[in-house]
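A.B. asks: Predicted coordinates and the sequence they were generated for:
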Amino acid sequence: MKRSIFKVQSNIALTKDVYKMVLVGDTSGITNCGQFVNILLDGLYLRRPISVNDYDEETLTLIYKVVGVGTEKMKFMEEGTSLDVLTGLGNGYNLSKAGDHPLLIGGGVGVPPLYNLAKKLIKEGKKVSVILGFNKKEEVFAEDSFKELGCEVAVTTVDGSYGVKGFVTNALPESYSYFYTCGPEPMLKAVYNSTTTSGEFSFEERMGCGFGACMGCTCKTLYGHKRICKDGPVLTKEEIVWEK
Amino acid sequence: MGEIDTKVNLLGIELDNPIIPASGTFGFGYEFNDLYDINILGTFSWKGTTKEPRYGNATPRIAETPSGMLNAVGLQNPGVEKVVTVEAEKLAKVFHKKVMANVSGFSIEEYVEVCEKVSKLDMVGWIELNVSCPNVHGGGLAFGTDPENIKAVVREVKKVINKPLIVKLSPNVTNIVEMAKAAEEAGADAVSLINTLLGMRINLKTGKPLLANTTGGLSGPAVFPVAVRCVYQVAHAVNIPVIGMGGVSSAEDVLEMMMAGATAVQVGAANLVNPYACKEIIEDLPRVMEKYGIKSLKDIIGGRK
């Protein structure tokens, strides 16, 4: 974990309520894809955790959905705004498990953290299949960016207005070596029940600190209590206990 | 101005400075040692320990509030057996000062059993008895809102420990002074206050409470003036040391808390927003003391002389 000051380079709308923010600063705290950052916002007490979409040596890209007062503030941030950010939070995905043909499954705002993962897997020469699930056509984003990396991309919409009609589980390929997924909990559960290999799930939970101190985001696993922020947000299929 | 002295004496043990991360915001310490050398702290109060392992409450356990937060963690901890073995061992590798062992329970017997066990650890300098957790049912706060219950649990615990006993008090009472006096009368060596204030928030979209536990404890800068008032009232009413806490976020807050009557000061929620909060406060203390012409912190406990 590292605490540093970032500057907003750009902040643009991808859909009606999904935004892409590029920040410039010290990204050396980020050690793995699938990690998240925790941002201090003016006028709010607790930091806001946001998954990392992409990063390089000096830039950090976040794709966030406006869902509450924190992200509402973020959406209005202009170029040059300074932000106090904790980087390198959480465990992230385990790339060594991918096999030859990993499958990435993202739903809605669960799509962004899969991007840097896809980039790294492609770089390693893997055949990467991606399923992106949305409610309707107007909400679709990131399809092109995954295609540009060289991934095989399928898009699903619940109302059938774009791509395959239905849920991400309606577009599962016949074979794949391993999977990585992030999205709303009902989707994760469906993925859990429909997939035939082992895989990794990225979870979301209300957090206090984001770095393991407050025990605000604990969940039960087969291997004991885990903090989503520090021992997660990525859990393996083998350890998950569905509670809700 | 000569040498600045940040040392204070807490029940016979000298602290390099009065800064103590509060229980529940610092785990068992060793994870924070990855961020900075935790030996710069006066000491810290470890995560509230109970007889049995506890998962705590359902999530969400955390909610934002104006200038603060609500938590309803519910005393998640691995249970005293694991604490005195696994957690204490990990802590001993990185922390070379005496630690404050925070203990909670659901019956007098449980408090006694846990206190007896942690008291045997060499590294424990003080036991902080949490009779004020608002987030568990049938325990914690049930003791801290009745002076007779406080007396009973303090008397029994005192019989089995060989370390100073600090009783952590709740502000969720009609008169916190009465609780502090009860603790003193039963033999407590010090009191610490305040624990969180009971609060709740509602999600406008669902019309339901934000916290799965419905209610939670309010902390952060929002509660600081309440904490200063409580510390002031209690310090004027008892003859044992008072440890002040509640929304402390800066070196200035530390001075204010000490002038209200605190011998040492705990920092809670601030650690969750800024993991370096205690380090920064400790580094800032000499500068702020100099600014206000304070040579020794011992001189401002209970007001400037």
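C.D. replies: Perfect, thanks for sending it. Numbering: from 1, shown residues only, chains lettered A, B, ... in the order given.

A.B. asks: Pull out the buried positions in stretch B:12-28.
C.D. replies: B:13, B:15, B:17-28 (16 or more other Cβ atoms under 10 Å in any protein chain shown). In this view, the C-beta of every residue, glycine as well, is placed from N, C-alpha and C.

A.B. asks: Tell me the one of the residues you listed nearest residue A:227?
C.D. replies: Nearest to residue A:227 among the buried residues of stretch B:12-28 is residue B:27, at 9.8 Å by Cβ to Cβ.

A.B. asks: re the thing from before, and chain A, which of the buried residues of stretch B:12-28 reach it?
C.D. replies: B:24, B:25, B:26, B:27 (Cβ under 8 Å from any Cβ of the partner chain).

A.B. asks: what residues are up against the third one?
C.D. replies: Which is residue B:26. A:213, B:32, B:44, B:45, B:46, B:47, B:271 (Cβ atoms under 8 Å, 6 or more residues apart in numbering or on different chains).

A.B. asks: From the residues you listed, which land in helices?
C.D. replies: residue B:271 (DSSP state H).

A.B. asks: Let's see the pLDDT reported for the residue of the stretch 101-250 of chain B found nearest chain A.
C.D. replies: Residue nearest to chain A within the stretch 101-250 of chain B: residue B:220 (5.5 Å; Cβ to the nearest Cβ). On the pLDDT scale, residue B:220 is placed at 98.

A.B. asks: re earlier: make CSV from the buried residues of stretch B:12-28 and add pLDDT to it.
C.D. replies: Shown next, in CSV, are the buried residues of stretch B:12-28 (pLDDT from 0 to 100):
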residue, pLDDT
B:13, 98
B:15, 98
B:17, 98
B:18, 98
B:19, 98
B:20, 98
B:21, 98
B:22, 98
B:23, 97
B:24, 96
B:25, 97
B:26, 97
B:27, 95
B:28, 96
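
A.B. asks: For residue 79, grab the count of nearby residues.
C.D. replies: Let's take chain A. Other residues within reach of residue A:79, judged by other Cβ atoms under 10 Å in any protein chain shown, total 10.

A.B. asks: meant chain B, my bad for not saying
C.D. replies: 14.

A.B. asks: Ignoring the adjacent residues along the chain, who's closest to it?
C.D. replies: The shortest distance from residue B:79 to any non-neighbouring residue, by Cβ to Cβ, 6 or more residues apart in numbering or on different chains, is to residue B:53 (3.6 Å).

A.B. asks: tell me the phi and psi of the one you found?
C.D. replies: Dihedral pair for residue B:53: phi -60, psi 140, per degrees, to the nearest 10.

A.B. asks: picking up where we left off before, would you turn the buried residues of stretch B:12-28 into CSV with secondary structure and distance to residue A:66?
C.D. replies: Shown next, in CSV, are the buried residues of stretch B:12-28 (DSSP: H, G, I helix; E, B strand; the rest coil; distance: Cβ to Cβ, whole Å):
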residue, secondary structure, distance to residue A:66
B:13, strand, 51
B:15, strand, 46
B:17, coil, 43
B:18, coil, 43
B:19, strand, 38
B:20, strand, 39
B:21, strand, 35
B:22, coil, 34
B:23, coil, 36
B:24, coil, 32
B:25, coil, 30
B:26, coil, 33
B:27, coil, 33
B:28, coil, 38
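
A.B. asks: Out of these, which comes closest to residue A:181?
C.D. replies: residue B:27 (29.6 Å).

A.B. asks: In this structure that closest one contacts residue A:212, no?
C.D. replies: Yes - between residue B:27 and residue A:212 there is a contact under Cβ atoms under 8 Å: 6.9 Å.

A.B. asks: Tell me which other helices or strands the longest strand seen in chain A touches.
C.D. replies: In chain A, with assignment by DSSP state E, the single longest strand is strand A:2-13. Judged by 3 or more Cβ pairs under 8 Å, 6 or more residues apart in numbering or on different chains; DSSP states H and E, strand A:2-13 is in contact with strand A:18-24, helix A:69-75, strand A:82-89.

A.B. asks: cutoff 10 Å now
C.D. replies: Contacts defined by 3 or more Cβ pairs under 10 Å, 6 or more residues apart in numbering or on different chains; DSSP states H and E place strand A:2-13 against strand A:18-24, strand A:36-40, strand A:59-65, helix A:69-75, strand A:82-89.

A.B. asks: Can you say which of those is nearest to residue B:207?
C.D. replies: helix A:69-75 (17.9 Å).

A.B. asks: Buried residues of stretch A:123-138, list them for me.
C.D. replies: Those would be A:126, A:127, A:128, A:129, A:130, A:131, A:132, A:133, A:134, for stretch A:123-138 by 16+ other Cβ under 10 Å.

A.B. asks: ok so, going back, common neighbours of residue B:27 and residue A:212, please.
C.D. replies: Common neighbours of residue B:27 and residue A:212 are listed as A:227, A:230 (criterion: Cβ atoms under 10 Å, 6 or more residues apart in numbering or on different chains).

A.B. asks: Would you mind naming the residues that bridge with the residue nearest to residue A:11 when sequence neighbours are not counted?
C.D. replies: Among residues not flanking residue A:11 along the chain, residue A:21 sits closest, at 4.5 Å (Cβ to Cβ, 6+ apart). According to DSSP bridges, the partner residues bridging residue A:21 are residue A:11, residue A:62.

A.B. asks: pretty sure residue A:21 is in contact with residue A:77, am I right?
C.D. replies: Yes - the pair residue A:21 / residue A:77 is scored as a contact, 7.1 Å apart, by Cβ atoms under 10 Å.

A.B. asks: any residues in contact with both of the two?
C.D. replies: A:8, A:11, A:83.

A.B. asks: show me the contacts for the residue nearest to residue A:11.
C.D. replies: Residue A:21 neighbours (Cβ under 10 Å, 6+ apart): A:6, A:8-12, A:39, A:50, A:53, A:60-64, A:74-75, A:77, A:81, A:83.

A.B. asks: gap between the residue most central in space within chain A and chain B?
C.D. replies: Geometric centre of chain A, nearest residue: residue A:113, 2.7 Å, by Cα atoms, centre = their mean. Counting by Cβ to the nearest Cβ, to the nearest Å, the gap from residue A:113 to chain B is 20 Å.

A.B. asks: count of residues packed around the closest residue to that residue other than its chain neighbours?
C.D. replies: Spatial nearest neighbour of residue A:113, chain neighbours left out: residue A:51 (3.9 Å); criterion: Cβ to Cβ, 6+ apart. For residue A:51, the neighbour count with other Cβ under 10 Å is 26.

A.B. asks: Report pLDDT for residue A:51.
C.D. replies: For residue A:51, pLDDT reads 97.

A.B. asks: what about it, distance to chain B?
C.D. replies: Applying Cβ to the nearest Cβ to residue A:51 and chain B gives a distance of 18 Å.

A.B. asks: in which helix or strand would I find the residue of chain A positioned farthest from its centre?
C.D. replies: Ranked by distance from the centre of chain A (Cα atoms, centre = their mean), the top residue is residue A:43, with 25.8 Å. Assigned by DSSP states H and E, residue A:43 belongs to neither a helix nor a strand.

A.B. asks: wouldn't residue A:193 be in contact with residue A:169 here?
C.D. replies: Yes - with contact defined as Cβ under 10 Å, residue A:193 reaches residue A:169; the gap is 8.1 Å.

A.B. asks: between the two, who's got more neighbours?
C.D. replies: Each of residue A:193 and residue A:169 has its neighbours counted (other Cβ under 10 Å); residue A:169 has more, 17 against 9.
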